[in-house]
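K.L.:
Show me how the following folds:
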Amino acid sequence: MTTVTFNIPEDVKNAFNEMFWNKNQNAVISDLMLQAIEQEKTRRKRVQAIDALLALRPQISPVTPQEIVMARYEGRA
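P.N.:
Numbers count the residues shown, from 1 in each chain. Next up, the predicted model:
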């Protein structure tokens with residue numbers, strides 16, 4: 001196990017201590033850090049997916065609204 005030092009606002013520290021006074025605060029912080037890591041991984045994957053779609057956009061010819069309706073209808077049949 002290692003020690004990490006962060007500077008946080010006093011009001012955040014006080015609210016955290018008040019909320020989690022009866023919990024293992026080290027475990028709570030570890031869980032929050034893991035959640036933040038997963039959220040950032042998800043955000044980065046979304047950015048990559050959006051960038052990939054935007055890169056394809058110039059290569060794809062426009063589709064009319066009627067073609068979209070027809071594709072939806074055909075997809076349901």
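K.L.:
and the next element down the chain from the longest helix seen in the chain?
P.N.:
The helix that spans the most residues within the chain, counting by DSSP state H, is helix 25-56. Next along the chain after helix 25-56, taking DSSP states H and E as the criterion, comes helix 65-76.
K.L.:
now that next one: how far from the chain's centre is it?
P.N.:
32 Å (Cα atoms, centre = their mean, to the nearest Å).
K.L.:
tell me the mean pLDDT over that helix?
P.N.:
The average of the pLDDT scores along helix 65-76 is 89.
K.L.:
Could you list every helix and strand in contact with it?
P.N.:
Here helix 65-76 is seen to pack against no other helix or strand when contacts are counted using 3 or more Cβ pairs under 8 Å, 6 or more residues apart in numbering; DSSP states H and E. From N, CA and C alone the C-beta is placed, and that goes for glycine too.
K.L.:
Using PDB, list the CA coordinates for that helix.
P.N.:
Extracted as PDB, the C-alpha positions of helix 65-76 are listed here (Å, rounded to 0.1, in the frame of the first residue of the first chain):
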ATOM      1  CA  PRO A  65     -34.800  11.300 -45.500                       C
ATOM      2  CA  GLN A  66     -36.900   9.000 -47.800                       C
ATOM      3  CA  GLU A  67     -34.000   6.500 -48.000                       C
ATOM      4  CA  ILE A  68     -33.800   6.500 -44.200                       C
ATOM      5  CA  VAL A  69     -37.500   5.800 -43.900                       C
ATOM      6  CA  MET A  70     -37.200   2.900 -46.400                       C
ATOM      7  CA  ALA A  71     -34.200   1.500 -44.600                       C
ATOM      8  CA  ARG A  72     -36.100   1.500 -41.300                       C
ATOM      9  CA  TYR A  73     -39.100  -0.200 -42.900                       C
ATOM     10  CA  GLU A  74     -36.900  -2.800 -44.600                       C
ATOM     11  CA  GLY A  75     -35.100  -3.500 -41.400                       C
ATOM     12  CA  ARG A  76     -38.300  -4.300 -39.600                       C
END
